[in-house]
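*Asks:* I would like the atomic coordinates for the input below:
(one chain, ligands or ions: 2)
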Amino acid sequence: MTTMESGMEQLMEELHQCRRCGICRNAVYDARGFDGICPVYENSTGFETSFMRGKIIVALALLNGELEKTARNSESLFDCTLCGNCTQICPAEFEPAHTLELVRGLLAEVPNQVREEIAHKILSNNNPYEEDNSRKRKWISELGFDIPTNGEILYFVGCTAGMRIPEVAKNTAKILKAADLPFAVLQEEPCCGSVLLRTGKPEAAAETAERVSNAIKESGAKKIVVSCAGCLKTLKEDFPNKFDIELPEVLHILELADNLLQEGRLKPKALPGKNTVTYHDPCHMGRELSIYESPRRVIQAIPNVNLVEMETNRDTAMCCGAGGGLRSYNSELAKNIASKRVQDAIDTGANILATACPFCEHNLQSGAKIVGRNMPIKDVVSLLAECVE
Ligand code: SF4
Ligand code: SF4
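*Replies:* Ligands and ions are numbered 1, 2, ... in the order given. The predicted structure is shown next:
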């Protein structure tokens, strides 16, 4: 049996674990005071295929050959943020969101213009935004200090922070500087490949992983700091598990900042004004890697800040809507999901919605426009950078 065949056999076994119980549609977490777990189901037509049970039935039919592998027949498999909320509650012995990611990878022959375009952009530009990749270092010129390209601590910026939300990159750099930690940023940083993996392009992701690994080796890094939950999950977990690539230790900047605050190497001053902050857990950082407390400890370490929780938080947090490639596949649905998350934040009475992933921040900004209320959305990194020098 070839590796491909045994991989397929294992995947089919996993898909058959689904008990068809439907808990993934609308579980009622009475004890936690909310119901509903699938953001796609909650924000779309409510057809069976909008939540995981229906997606698994479609996946089995496509892989068994009972359903023709067409773009239309496979559409529902791509209308999913891979947020893992269904995995969290599924009583069967498999992980539905991870399994769906693998299914996407095996449906290579299904025509899908969106994922082909994303893969083409990343492989030819080293970023999904079709911009000159050197722009990923542009924010450095606004800092007032230079950052070398080699060093023992490497800040891996990521495409979204580097090119869409440079405030996150600048503020990460300010925190490292305030803690007196010398660090480097690659000259030509390749995309981590997260979006390739999530959209079902594992071979393209293996190619980017090789590029990233070589660039990191050349930089002499012994520790890697990231500010994006997608980069974190990809470099820390997918590289060793899927590509057998072991990188030096990978940490989110908020995990590092949490340690630095506890050691007294960062001493935040009070943030001016009245600040009630609620924190949105990025799926890749929370449910995937169980990093729930460091971002909250960082928020609470800032004098004059009060942290309040949304109804769904930590392992039950609703998704921002951007994950799993949904922002590219179905941007309207992704933005509607984001608007619900912004409403969750407004309902807490907070005046700042904070998160720890530029991808979440970007989509939540779109959601805030739909809600039409002024709810500032900030990265925790930016909150902290405002009060350290
Ligand atoms: S994916 Fe899990 S929760 Fe959903 S129907 Fe199947 S067994 Fe039930
Ligand atoms: S991974 Fe998230 S969006 Fe996808 S089916 Fe499960 S709960 Fe719904």
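*Asks:* so which bits of the stretch 151-300 of the chain are right by ligand 1?
*Replies:* Residues of the stretch 151-300 of the chain found near ligand 1 (CB under 6 Å from any ligand atom): none. In this view, the C-beta of every residue, glycine as well, is placed from N, C-alpha and C.
*Asks:* in the stretch 151-300 of the chain, which spans are helices?
*Replies:* Along the stretch 151-300 of the chain, the stretches classed as helices by DSSP state H, counting those that start in this stretch are 159-163, 166-178, 194-199, 202-219, 229-233, 239-243, 253-262, 293-301.
*Asks:* take these and write them to TSV, including mean neighbour count.
*Replies:* Below are those laid out as TSV (neighbours: other CB atoms under 10 Å):
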stretch	mean neighbour count
helix 159-163	27
helix 166-178	23
helix 194-199	27
helix 202-219	19
helix 229-233	28
helix 239-243	16
helix 253-262	22
helix 293-301	20
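*Asks:* where does this protein have its least confident helix or strand?
*Replies:* strand 34-35 (a mean of 58; mean pLDDT, DSSP states H and E).
*Asks:* just checking, what packs against the helix or strand that it is followed by?
*Replies:* Using DSSP states H and E, the next helix or strand after strand 34-35 towards the C-terminus is helix 39-43. Judged by 3 or more CB pairs under 8 Å, 6 or more residues apart in numbering; DSSP states H and E, helix 39-43 is in contact with helix 331-347.
*Asks:* wait, does the helix it packs on contact ligand 2?
*Replies:* No. Contact of helix 331-347 with ligand 2 (CB under 6 Å from any ligand atom) is absent, the minimum separation being 8.4 Å.
*Asks:* just give me how far that helix sits from the chain centre.
*Replies:* 16 Å (CA atoms, centre = their mean, to the nearest Å).
*Asks:* same deal with stretch 88-107?
*Replies:* With CA atoms, centre = their mean, you get 17 Å for stretch 88-107.
*Asks:* and that stretch, how far apart are its ends?
*Replies:* 25 Å (CA to CA, to the nearest Å).
*Asks:* can you pull the buried residues of that stretch?
*Replies:* 88-90, 92, 94-97, 99-107 (16 or more other CB atoms under 10 Å).
*Asks:* check stretch 263-279 too.
*Replies:* Applying 16+ other CB under 10 Å to stretch 263-279 flags 266, 268, 271, 275, 277-279 as buried.
*Asks:* where does the stretch 151-300 of the chain get nearest to ligand 2, residue-wise?
*Replies:* Cys283 (7.9 Å; CB to the nearest ligand atom).
*Asks:* could you do the stretch 101-250 of the chain as well?
*Replies:* Glu101 (9.3 Å).
*Asks:* show me what the helix or strand harbouring Glu117 is packed up against.
*Replies:* Following DSSP H and E, the helix or strand that holds Glu117 is helix 113-125. Judged by 3+ CB pairs under 8 Å, 6+ apart, the packing partners of helix 113-125 are helix 194-199, helix 202-219, helix 326-329.
*Asks:* what angle sits between that helix and helix 202-219?
*Replies:* Helix 113-125 and helix 202-219 are oriented at 30 degrees to each other (axes from the mean of the first three to the mean of the last three CA atoms, to 10 degrees).
*Asks:* what does helix 113-125 contact?
*Replies:* For helix 113-125, the external contacting residues (CB atoms under 8 Å, 6 or more residues apart in numbering) are 78, 127-133, 191, 193, 195-196, 199-201, 204, 207-208, 325, 328-329.
*Asks:* just to revisit the earlier point, output the helices and strands packed on helix 113-125 in TSV; the columns should cover distance to Leu123.
*Replies:* Converted to TSV, those look like this (distance: least, CB to CB, whole Å):
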stretch	distance to Leu123
helix 194-199	9
helix 202-219	6
helix 326-329	16
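*Asks:* can you tell me which of the ones you listed comes nearest to Val342?
*Replies:* Among the helices and strands packed on helix 113-125, helix 326-329 comes nearest to Val342, with 15.2 Å by CB to CB.
*Asks:* mind giving me the packing neighbours of the closest one?
*Replies:* helix 113-125, helix 194-199, helix 331-347.
*Asks:* so where's the protein uncertain?
*Replies:* 1, 28-36 (pLDDT under 70).
*Asks:* contact residues of it facing ligand 2?
*Replies:* 37-40, 51-52, 80-86, 97.
*Asks:* contact partners for the single nearest residue of the stretch 151-300 of the chain relative to ligand 1?
*Replies:* At 14.9 Å from ligand 1, Arg287 is the closest residue in the stretch 151-300 of the chain, using CB to the nearest ligand atom. For Arg287, the residues meeting the contact criterion (CB under 8 Å, 6+ apart) are 83-85, 87-88, 281, 315, 317.
*Asks:* highest neighbour count among those?
*Replies:* In terms of neighbours by other CB atoms under 10 Å, those top out with Cys83 at 29 neighbours.
*Asks:* okay then, goodbye and thanks.
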